[in-house]
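1. For reference, the sequence and a predicted model appear below.
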Amino acid sequence: MKIKGFSAAAVPANIRYSNRLDLGLIFSKVPAVTAGVFTTSKVKAAPVLLDIERLQQGRAQAILVNSGNANACTGEQGIKTAIETAALAARELGLDENLVQVASTGVIGEVLESEPFARAMPELVEKLASEGFDDLSQAIMTTDTVAKVSTATVCINGTEIKMMGIAKGSGMIMPDMATMLCFVVTDTQIAFPALKEAVRSGVETTFNRITIDGDTSTNDTVLVMANGLAGNEWIDEDNQEGQQIFAEALQGVFKDLALQIVADGEGATKVVTLRVAGAREKSGAINAARTIANSALVKTAFFGEDANWGRIIAALGRSDCRFNPEKVSISFNDVMMVENGLGLGVEAEKKATEILRQNEFTVTIDLHDGIETADIFTCDFSYEYVKINADYRS
């Protein structure tokens, strides 16, 4: 899909490895309304700090992104490099450097040099094309095994608008948000407050509901650029219908990308929805689902296709959620395995084991104590996860 007014490109800049795409650029031919959400970690990478400062203006025209080096925990030099590389892109594009956002992913704690950016920048800008997003999606990959792209087209007040999102993420994944980068471009005409709210609420129910290993990164970034070239009726507080349609479309793109990240979890063989229902409070349901999803014992049982519900209820018990153990039921898809806190026997376990052999399934823990429900999306832990992360810097 091509998005009106947007182009992208990627080139091999030899930032960490030779002869692989590792430097990318997104460009809008006009300044775009831009909103972002970033890691909540107290340790924020230099690009995150720079982007937060620049996004106060609510405008951007380019995003420069590299893989191979996170430019995190690099002190003043890291900030200097982030500013220098943004300036390199701005000069080549003929922009104000404050309109350039930057993002990095890769190894933490190593100094990122600006020289590879300087050498590669002329070629990078020259290669900008409307169909360049496929290359860009590959350039941001680290331990990812597949590129992640999602698109949507909707009609707002009689005008068709389009959006495209790309993301990377495979390990060090847990809200808020994950070791992930996500960039969405759209030709929608939308006011900054409406875009900011759509991004915030969309992230909360998608990227903030996934976990692979319980680790939050230093570089998590979601950026959404809307250049308005679709010419639709303005989406603002006076256009509630348009705002709702846009927000739902954006949430759909976010969720699609979030599930692609889970499916590509380092060494993952299964995608699992952990659903906690019947809770008194939404926060309790979220905390309970997340606690279960992050349990290494639960996740290894999923990999081993072992319907060990004891691990699930044990993890539930250490969550902050209030519940009565004697009311709890646990199901694997539509197979009830636990009712009123007690297992339903060997036959139920056999049926549940069959469910665990599927590539995707849902585990529902019903507390029978309220009306609140929350989903967390996760995967299993396999031997491959340990191998990948043991060798990551090699």
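-> Now that the structure is in, tell me what you want to look at.
2. Poorly predicted segments of the stretch 201-350 of the chain, please.
-> By pLDDT under 70, the weakly predicted segments of the stretch 201-350 of the chain are 212-217, 265-267.
3. just the helices in it please.
-> Assigned by DSSP state H, counting those that start in this stretch, the stretch 201-350 of the chain shows helices spanning 240-263, 282-293, 296-303, 309-317, 346-356.
4. which of the ones you listed is buried the deepest?
-> Highest mean neighbour count among the helices of the stretch 201-350 of the chain (mean count of other CB atoms under 10 Å): helix 282-293, with a mean of 23. Yep, even glycine has a C-beta here, placed from its N, CA and C like the rest.
5. Using PDB, write out every CA atom in it.
-> Only the C-alpha atoms of helix 282-293 are listed here, as PDB (Å, rounded to 0.1, in the frame of the first residue of the first chain):
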ATOM      1  CA  LYS A 282     -10.000  -3.800  35.600                       C
ATOM      2  CA  SER A 283      -6.500  -3.100  37.100                       C
ATOM      3  CA  GLY A 284      -6.800  -6.400  39.000                       C
ATOM      4  CA  ALA A 285      -7.700  -8.400  35.900                       C
ATOM      5  CA  ILE A 286      -4.800  -6.900  33.900                       C
ATOM      6  CA  ASN A 287      -2.300  -7.500  36.700                       C
ATOM      7  CA  ALA A 288      -3.500 -11.100  37.100                       C
ATOM      8  CA  ALA A 289      -3.300 -11.900  33.400                       C
ATOM      9  CA  ARG A 290       0.100 -10.300  33.100                       C
ATOM     10  CA  THR A 291       1.400 -12.200  36.200                       C
ATOM     11  CA  ILE A 292       0.300 -15.500  34.700                       C
ATOM     12  CA  ALA A 293       1.600 -14.600  31.200                       C
END
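6. Compute the mean per-residue pLDDT across the longest strand seen in the chain, please.
-> Criterion DSSP state E: the longest strand present in the chain is strand 23-38. Mean per-residue pLDDT for strand 23-38: 97.
7. Give the other helices and strands that that strand contacts.
-> strand 6-11, helix 46-54, strand 59-69, helix 115-126, helix 133-139, strand 181-186, helix 192-204, strand 221-226 (3 or more CB pairs under 8 Å, 6 or more residues apart in numbering; DSSP states H and E).
8. do you know which of those lies nearest Q243?
-> helix 192-204 (5.2 Å; CB to CB).
9. How about the closest one, which residues are buried there?
-> F192, A194, L195, K196, A198, V199, G202, V203, E204 (16 or more other CB atoms under 10 Å).
10. That one packs against which elements?
-> strand 23-38, strand 221-226, helix 240-263.
11. now the angle between helix 282-293 and that helix, please.
-> With axes from the mean of the first three to the mean of the last three CA atoms, to 10 degrees applied, the angle from helix 192-204 to helix 282-293 works out at 50 degrees.
12. Any chance you could list what contacts helix 192-204?
-> 33-37, 58, 177, 190, 222, 224, 226, 235-237, 243, 246-247, 250-251, 254 (CB atoms under 8 Å, 6 or more residues apart in numbering).
13. which of those are buried?
-> Buried among the contacts of helix 192-204 (16+ other CB under 10 Å): 33-37, 58, 177, 190, 222, 224, 226, 235-236, 243, 246-247, 250-251, 254.
14. Double-check Y17 against G68; I have them as touching.
-> Yes: between Y17 and G68 there is a contact at 6.3 Å, judged by CB atoms under 8 Å.
15. Tell me which of these two has more neighbours.
-> G68 (21 against 11; other CB atoms under 10 Å).
16. For the more buried one, give its distance to A120.
-> G68 sits 12 Å away from A120, going by CB to CB, to the nearest Å.
17. One more: C155?
-> 40 Å.
18. sorry, back to before: among the helices of the stretch 201-350 of the chain, which is nearest S382?
-> Nearest to S382, of the helices of the stretch 201-350 of the chain and by CB to CB, is helix 296-303 at 5.0 Å.
19. Report the contact partners of the residue lying closest to V338 once chain neighbours are set aside.
-> Spatial nearest neighbour of V338, excluding adjacent residues (CB to CB, 6 or more residues apart in numbering): I330 at 3.9 Å. By CB under 8 Å, 6+ apart, the residues touching I330 are W309, I312, I313, M336, M337, V338, V363, T364, I365, D366.
20. Likewise for M121?
-> Here M121 is in contact with L88, A89, E92 (CB under 8 Å, 6+ apart).
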